[in-house]
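*Asks:* the following comprises the amino acid sequence and a computationally predicted model.
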Amino acid sequence: MRVRVAVPEDAPILSLIARAAKAHWGYDEAQLMRWDQELTISQESLLHAPSFVAEIDGAIAGFVQLDMNAQPPLLDHLWVDPACMGLGAGRALLRHAQTLLAAQGVCEMAIDADPHAEGFYVAMGARRVGVVPAPIPGDAQRIRPQLRLDVSSCVASVANDLRE
């Protein structure tokens, strides 16, 4: 697996991955259309926000994008192609984002998670700090977990991996 900087030409495939990943959790087409703007990755955003792709055998498996204007910095996007889920792309991308933030002296990142993704983030060390009501047709009680992920733990984890 290789993690590299995303380039504007990646925008169409990243948008397809975001939509496919969201659809993977069973959201219907009408709901996906409501989220179309949020799931569309612009070329401009790839120029202005830290954005990285994970490649497996030369193909893009997923991507991450950070919003550095938020306090703390926000994990704006982390999507993995459903065909590549479970292969480590999400983990590699999240760790890459943590390492980048740690190098800039940031202590933690915020995550506004889809309810289906909370388990992944918690397994990666995130903690829930709240919820935001996010009802959708058919699920009036839906919420989005608000998480925080320590960035310094990543640096310690990477250092431990290097010593082994």
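*Replies:* Sure, I can see it. This one's a predicted model, so the numbers in the text were calculated from it and none came from an experiment.
*Asks:* chain center to stretch 128-141, what's the gap?
*Replies:* With C-alpha atoms, centre = their mean, to the nearest Å as the basis, stretch 128-141 stands 19 Å off its chain's centre.
*Asks:* give me the contacts around that stretch.
*Replies:* 27-28, 30-31, 34, 112, 118, 122, 142-148 (C-beta atoms under 8 Å, 6 or more residues apart in numbering). (Each C-beta comes from the backbone N, C-alpha and C, glycine too.)
*Asks:* give me the beta-bridge partners of the residue sitting nearest the centre point of the chain?
*Replies:* The structure's the chain has its C-alpha centroid closest to residue 78; by C-alpha atoms, centre = their mean the separation is 1.7 Å. Taking DSSP bridges, one obtains residue 64 as the residues bridged to residue 78.
*Asks:* who's in contact with it?
*Replies:* 62, 63, 64, 65, 90, 93, 94, 97, 117.
*Asks:* try residue 93
*Replies:* 3, 52, 54, 62, 63, 64, 78, 80.
*Asks:* hang on, the fourth one is in a helix, isn't it?
*Replies:* Pointing back at residue 62 there. No: read with DSSP: H, G, I helix; E, B strand; the rest coil, residue 62 is strand and lies in no helix.
*Asks:* all strands of the chain, in order?
*Replies:* The residue ranges that make up the strands of the chain, judged by DSSP state E, are 2-5, 51-56, 59-67, 74-80, 108-112, 127-133, 143-150.
*Asks:* nearest approach to residue 38 belongs to which of the ones you listed?
*Replies:* Nearest of those to residue 38, taken as C-beta to C-beta: strand 74-80 at 8.9 Å.
*Asks:* buried ones in stretch 36-45?
*Replies:* 39, 41, 45 (16 or more other C-beta atoms under 10 Å).
*Asks:* average model confidence for it?
*Replies:* Average pLDDT, stretch 36-45: 97.
*Asks:* re earlier: neighbour-wise, give me the winner out of the contacts of residue 78.
*Replies:* residue 62 (29 neighbours; other C-beta atoms under 10 Å).
*Asks:* that residue and residue 97, how far apart?
*Replies:* Using C-beta to C-beta, to the nearest Å, residue 62 is found at 12 Å from residue 97.
*Asks:* which residue ranges form the helices in this protein?
*Replies:* Ranges of helices in the chain, per DSSP state H, are 11-24, 29-34, 36-39, 43-48, 89-103, 118-123, 152-163.
*Asks:* any idea which of those is most buried?
*Replies:* Highest mean neighbour count of the helices of the chain: helix 89-103, a mean of 20 (counted as mean count of other C-beta atoms under 10 Å).
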